[in-house]
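J.: quick one: sequence and predicted model below, then my questions.
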Amino acid sequence: MDYIILDIEFNGRKFASELPMEVIEIGAVRLDASLNAVSEFSSLVKPVYFSKLNNFIKKKTGIPQDEIDVAPGFPSVIADFEAWLGDAGSFLLVTWGGEDVKRIVFDTRMHKLNETYWTGLHYFDLLKGYLRYKKVTNDVSVEAALLDLDIPAEGSAHRALDDARMTSEVFRKIFPDLDFELKQQYKDQFSNSKERRLVKNAVRTMLAQKKPQTWEALVESYLGEKIPLTDPRKAAELRDYFHSELDKKQ
């Protein structure tokens, strides 16, 4: 089996907006079963919205505006990328966090393309694997992991292919200690990390103060108007998260 080390860059927005963020660069390194790099994929992507990169993104990534202006659109790039990847059962996708797969799924949906390829494949979150390896809980960047593992950082951070190359070095270094049974598939989430953290902290408070430990009590006393629960999918997801956290604490 091959291992595909994936990294993407996506555009941000200076002010809050209902318009979506979009993938603006895809980079990937293919490692064979012996962890040798055998091929690479790299492409810029011209976004539909926020086609003019703001100063933060330009400074962070170093991507020139004139190159974005002439880049192919997402449908063309993702078709080329899927062709390069090949059969989803022939490789395991490796990412640093879960955002990369999420952004690709979101852009696939935005362009009304078939998302089955991306929602059906398995990926391994190397960030979580690294945190388990180090027995720590705070997220770290790829650059910090390289420094900690005494691996020289080469290339430009926040350029997709260079980041994929650096991530592959971390992957090689800790490969024997990774548990690939913990691979994942994309799953929609209707709540964000801030909302889940609020529920988690509320569970801790409820237990410490010996208050009733029910979902209804949590909503009434801790969530209130802090989290809108009008979407039944979000409510169900947070309720399941509440019970999961309660079980862990008890």
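T.: Structure's in. What do you need?
J.: now the residue nearest the centre of the chain: phi and psi?
T.: Nearest to the geometric centre of the chain sits Glu99, at 1.7 Å (CA atoms, centre = their mean). Main-chain torsions, Glu99, degrees, to the nearest 10: phi -70, psi -30.
J.: same check on Ala71?
T.: Per degrees, to the nearest 10, the backbone of Ala71 is at phi -70, psi 150.
J.: and it, how far is that from Glu40?
T.: 17 Å (CB to CB, to the nearest Å). To be clear about C-beta, it is placed using only N, CA and C from the backbone, and glycine gets the same treatment.
J.: can you pull out the strands in this structure?
T.: Applying DSSP state E to the chain gives strands spanning 2-10, 23-31, 37-44, 91-95, 122-125, 184-185.
J.: now those strands in JSON lines, with distance to Asp177, mean neighbour count and mean pLDDT?
T.: Shown next, in JSON lines, are those (distance: least, CB to CB, whole Å; neighbours: other CB atoms under 10 Å; pLDDT from 0 to 100):
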{"stretch": "strand 2-10", "distance to Asp177": "15", "mean neighbour count": "23", "mean pLDDT": "97"}
{"stretch": "strand 23-31", "distance to Asp177": "17", "mean neighbour count": "24", "mean pLDDT": "98"}
{"stretch": "strand 37-44", "distance to Asp177": "21", "mean neighbour count": "16", "mean pLDDT": "98"}
{"stretch": "strand 91-95", "distance to Asp177": "14", "mean neighbour count": "22", "mean pLDDT": "98"}
{"stretch": "strand 122-125", "distance to Asp177": "13", "mean neighbour count": "18", "mean pLDDT": "98"}
{"stretch": "strand 184-185", "distance to Asp177": "18", "mean neighbour count": "12", "mean pLDDT": "96"}
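J.: out of these, which gets nearest to Glu237?
T.: Relative to Glu237, the nearest member of the strands of the chain by CB to CB is strand 184-185, separated by 16.2 Å.
J.: re the thing from before, so which of the strands of the chain gets nearest His158?
T.: When the strands of the chain are compared by CB to CB, strand 2-10 sits nearest His158, at 6.4 Å.
J.: now that closest one against strand 91-95, angle please.
T.: For strand 2-10 against strand 91-95, the angle by axes from the mean of the first three to the mean of the last three CA atoms, to 10 degrees is 40 degrees.
J.: what is strand 2-10 packed up against?
T.: Secondary-structure packing of strand 2-10 (3 or more CB pairs under 8 Å, 6 or more residues apart in numbering; DSSP states H and E): strand 23-31, strand 91-95, helix 99-110, helix 160-174.
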